[in-house]
Structure formats: structure tokens, C-alpha cells
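*Asks:* Make a model of this:
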Amino acid sequence: MLSTMVIHLKTQPLFVLLLSFIGFITFLKNFIIFLKWIFITFLRTPKNLVQSYGSWALITGSTDGIGKAFAFQLAQKGLNLILVARNLNKLQQVSSEIKTQNPNIKVKIIVVDFSFDVTKGIQEMKKGIEGLDIGVLINNVGVTYPRAMFFHEVDENIWKNIVKVNLEGTTLVTAAVLPSMIGRKKGAIVNIGSGASIVVPSHPLFSIYAATKA
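*Replies:* A predicted model of the protein is given here:
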């Protein structure tokens, strides 16, 4: 059978052989990625986040969606939480929900509006986290357009706000937290991106947002 396959391959044009080889390599690469995902998701022993990184986690944009989900998941792992968002009522509500489900952890809330005076907000945040061993930082905060628009259609105030929140805010939060991680020689930083930066090349209707979430 092997000799038959070899003879068959010899009769194929070179470009067919090249395409077949590229296809095989691509399949092999994706199969290895799939096996790694299976191992990480189902087989690997869960990491003790407190021991590996530190006892506190800071999450920006923590009152809704992905940020809120991260907060609940990290609380279940035993990490104390610092919830950062712009709405005090939502922060208090999420904090109460988390402490009800996880009574043994501590939850601090810090109000920061990244679209307003981000420098002042970061200073307040620094005061709130002083002395805490923040081991995990989830940079989740982000804003986008009110609707799909081409670059030239986006109002200047809107794109400036997107850059301010998604880039400046995330960078300043990281700069505030990172030094203590370096000092302790441990920590983890997760920057939440967006499929808008990779699913559709250049994503013309959300180009500024996609660039800030790449």
C-alpha cells in the first residue's frame, strides 16, 4: 500500500504536492493547539493563584460582562478583590453579591471614571491599593462606538474617549500595579482585547476601537 501511495504522489503536479504539504502542516499545528487546550482545560492540575501570584486581584470594568465574570471566578479561587469601575451603585451591588457567595474573602471598591479625569482617578486608586499584594490584574475596562462607523465618521470626542479609556487608562493602571509585582517577583496581568482586532482584517467599521484592543 505504501509503494502504491508513493507512485501516486509521483504522478501529482508539484503545486498539488506543495499544497498538500502546507495543508498537512496547518492541520498538524491546529491539532497540537487543540491538544494543548484539552490539557489546559481538563487535565492540568489547577494552579493555586494565591500562592503563585498574591492574595489580591484588581479588576477594571468589573461591574458588567467579562469583568464581572472574572471577579466571581477569582473570588471562587480565594483571591481578595479590588473592584474598579465608574458606577458606585453597581460596584456596591457586585461587591455584595460576591461576598454573599464567598464570605471569606475581602472586597474593596474604588470609583474611577476612565473617561473623565483619569490621572486623578489613578491617584485615588493608588491610595486604595497601597500595601496590598496585588497578584492578578485584569485590565478589562473599555469603550467603543455607539454604532458601527467608518473612521472619518467618528466624532473627535468619541475617538479621543476611546483612546483615553482603552489605552491611557489601561497603561496607567498597569504602571500603578506592576512595580509591586516586580518587587515580589510574581504576578499576572491579563489585558482583555477584542475579536474586532483579528476576526475581520482592519475592521473598517470599528478601526479605532480595534486598534486600541489589539
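*Asks:* Just confirm Asp64 contacts Lys90, I think it does.
*Replies:* Yes - applying Cβ atoms under 8 Å as the test, Asp64 and Lys90 come out as touching, 7.4 Å apart. Heads up, the C-betas are built off the backbone N, CA and C, glycines and all.
*Asks:* If you count surrounding residues, which of these two has more?
*Replies:* In terms of neighbours (other Cβ atoms under 10 Å), Lys90 is the more surrounded of Asp64 and Lys90; the figures are 16 against 13.
*Asks:* what pLDDT does the closest residue to the more buried one other than its chain neighbours get?
*Replies:* The shortest distance from Lys90 to any non-neighbouring residue, by Cβ to Cβ, 6 or more residues apart in numbering, is to Thr63 (3.8 Å). At Thr63 the predicted local confidence, pLDDT, stands at 95.
*Asks:* cool, Gly23 as well?
*Replies:* We have a pLDDT of 89 for Gly23.
*Asks:* which residues touch it?
*Replies:* By Cβ atoms under 8 Å, 6 or more residues apart in numbering, Gly23 lies in contact with nothing.
*Asks:* how far away is it from Gly61?
*Replies:* To Gly61, Gly23 is 41 Å away according to Cβ to Cβ, to the nearest Å.
*Asks:* One more: Tyr209?
*Replies:* Using Cβ to Cβ, we find Tyr209 at a distance of 14 Å from Gly61.
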